[in-house]
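**Student:** Sharing a model that was predicted from the sequence below.
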Amino acid sequence: MVTEFGIILLYFILGFLFVGIALVMAALIRPSHPNPIKNSTYECGEIPIGEPWIRFNVRFYVIALVFLLFDVEVVFLLPWAIVFKQLGWFAFIEMIIFVVILLVGLAYVWGKGDLDWEKPKPYIAKLEDLVLGKKKQ
Amino acid sequence: MENVNFLYELFGKNIISVTLIVSLPLVFVLIYALIAILAELKVSAWIQERLGPMRTGPWGILQPIAEVVKLIQKEDITPDKSSKLLYNLAPFVIFTGAYAAFAVIPFSEYFVPSGINLGLFYVFAIGSISALGIVMGGWASNNKYSLMGAMRSVSQLISYEIPAAMAILSVVVLASSMNMQEINHQQTGWFWNWNLFGGPGSWTKIWIIPFTVLLTFIYFISSLAETNRVPFDIPEGESELVAGFHTEYSGMKFAMFFFAEYANMFVVAAILTTIFLGGWNSPFDTFLQGPIWGSFWFVLKAFSVVLVQIWIRWTLPRYRVDQLMYVGWKVLLPLSFVSFLAISFYVMLK
């Protein structure tokens, strides 16, 4: 009547409906007296300065790229993991080489220090460094 | 593998059995969440030599119900500056993601809602949806604390998803299947047949046991990070970010975040139970092994894992962000790869 994946779809629908029903039920009971101060952004009672939606240093940009590579690797490994015994030693060694290449990449990123949270500070040249004869040691 | 479901056998494949299959786990989650909230309050109290809640009902056992009643009555505040659509959608996404994972959890030999062959892959994929809800809610709140909490949640997820994936992958290699019911059937017998102890096999599997035990711990630690539990609760670290990604949420929407967290705790505990601790199998061969005892063993094992999660919460302090990245990338990831290679080598030799 319903396929196995149909049941999964029903789970999504029921989960969504449950939240909807709970929120509607609460909406019928709870008080609602909004005012500008109550609806302002919460910052421990202070008046917020500036916008939160700005560009800021997310720090883990390179890590996110490495994550993507490893995630794709996992997707490749999953079908292999089920059948590799039937495929024999050739497929096994092939996949080991694939994994090792990625691990070499990880070692490179590690060695470069991109996995560290604290980044080395870039040296920004000041005006007096550029003036001849006044270069600091 | 055929999906054996006692409801299909009881009522036939019709609308009654399908309705029950879809809604029984929801009832279970509701009851479980109340028990888990009480357990959290009581365990924390006992660890700190307090009594915990004592006023509501005998020994305070009605405290979770009182909290739900309180949350229903609370006013729901939507900040003026927030992105309204995403802000309201986030609780839906986070709870739906948590509940959808229940679709493939084998509660007993005769009850798994959906016995798809991709079970483990599905659970793994669906586990990331709740992080999406966290990012959605954190960003849409337009609050500095929430945004930082959401960003931390992303960094945490991408650091711990790979070790968890490698642990799951090693089990797939060991069992040659992603069907959760099939993995459970393989672990039948005494407790040394569990994947924690290298799965079924002759005494030659002894050298693999350290690796499988290691993988169990790697999966457990990663699952703590994915459910934002202490010591990995930096997305909602109270002492620095107020309440992190759900700072702006109140009333029933906050309750949904709370509820989803407890549902997720059970999901990861259930996966750990299924893939490493033998699922619904009795630890002692045929002793108390059967359809009803199966669900008893499953719930007992999963609840024990949840209890350990609570115990850890009240024992360990919170990690710093750089320590969190360090543990994920420089300790768990290499260890999980070594174990994965060792286990695939073992399966090739077998």
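**Tutor:** Nice, thanks for sending it over.
**Student:** Helices along chain A, start to end?
**Tutor:** Listed in chain order, the helices found in chain A under DSSP state H are A:4-29, A:61-87, A:89-112, A:127-130.
**Student:** residues near residue 108, how many?
**Tutor:** Just going to use chain A. Neighbour count of A:Y108, defined by other CB atoms under 10 Å in any protein chain shown: 10. In this view, the C-beta of every residue, glycine as well, is placed from N, C-alpha and C.
**Student:** Switch to chain B, please.
**Tutor:** Neighbour count of B:S108, defined by other CB under 10 Å: 23.
**Student:** Determine which residue lies closest to the centroid of the chain.
**Tutor:** Answering for chain A, as no chain was given. Geometric centre of chain A, nearest residue: A:A64, 6.1 Å, by CA atoms, centre = their mean.
**Student:** I was thinking of chain B, sorry if that wasn't clear
**Tutor:** Centroid-nearest residue in chain B: B:V268, 2.1 Å away (criterion: CA atoms, centre = their mean).
**Student:** In contact with it, which residues are there?
**Tutor:** When contacts are counted by CB atoms under 8 Å, 6 or more residues apart in numbering or on different chains, B:V268 touches B:G127, B:S223, B:E226, B:T227, B:V305.
**Student:** Distance check, it against chain A.
**Tutor:** Relative to chain A, B:V268 is positioned 17 Å away (CB to the nearest CB, to the nearest Å).
**Student:** quick check, stretch B:90-98 touching chain A?
**Tutor:** Yes - contact of stretch B:90-98 with chain A (CB under 8 Å from any CB of the partner chain) involves B:P91, B:F92, B:F95, B:T96, B:G97, B:A98.
**Student:** Tell me the buried residues within those.
**Tutor:** Burial by neighbour count, judged by 16 or more other CB atoms under 10 Å in any protein chain shown, picks out B:P91, B:F92, B:F95, B:T96, B:G97, B:A98 from these.
**Student:** now, which of those residues sits nearest chain A?
**Tutor:** Checking these against chain A with CB to the nearest CB, the nearest one is B:T96 at 3.8 Å.
**Student:** surely the closest one meets A:F12?
**Tutor:** Yes - the pair B:T96 / A:F12 is scored as a contact, 5.8 Å apart, by CB atoms under 8 Å.
**Student:** so where is chain A shaky, pLDDT-wise?
**Tutor:** A:1, A:58, A:119-123, A:128-137 (pLDDT under 70).
**Student:** The same query, at a cut-off of 50, please.
**Tutor:** Residue ranges of chain A with pLDDT under 50: A:137.
**Student:** how about the residues of the stretch 101-250 of chain B that lie near chain A?
**Tutor:** B:102-104, B:113-116, B:121-122, B:142-147, B:151, B:154-155, B:158-159, B:161-162, B:165-166, B:169, B:172-173, B:176-178, B:242, B:247-248.
**Student:** Can I get the contacts of B:V268 in TSV including neighbour count?
**Tutor:** Formatted as TSV, the contacts of B:V268 follow (neighbours: other CB atoms under 10 Å in any protein chain shown):
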residue	neighbour count
B:G127	24
B:S223	25
B:E226	22
B:T227	24
B:V305	20
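**Student:** Would you point out the most distant pair within these?
**Tutor:** B:G127 and B:V305 (15.5 Å; CB to CB).
**Student:** and of the helices of chain A, who's closest to B:P283?
**Tutor:** Across the helices of chain A, B:P283 has its closest neighbour in helix A:61-87 (26.9 Å, CB to CB).
**Student:** Inside helices: which ones of the buried ones among the residues of stretch B:90-98 next to chain A?
**Tutor:** Among those, the members found in helices (DSSP H) are B:P91, B:F92, B:F95, B:T96, B:G97, B:A98.
**Student:** Nearest to A:L77, out of those: which one, please.
**Tutor:** B:G97 (23.9 Å).
**Student:** what residues are up against that closest one?
**Tutor:** By CB under 8 Å, 6+ apart, the contact list for B:G97 reads A:G15, B:I126, B:G127, B:I129, B:S130, B:L132, B:G133, B:A260.
**Student:** What of B:F111?
**Tutor:** By CB under 8 Å, 6+ apart, B:F111 lies in contact with B:N5, B:F6, B:L7, B:S295.
**Student:** what bridges to it?
**Tutor:** B:S108 (DSSP bridges).
**Student:** Which of the contacts of B:G97 sits closest to B:Q63?
**Tutor:** For the contacts of B:G97, the closest approach to B:Q63 (CB to CB) belongs to B:A260, at 20.2 Å.
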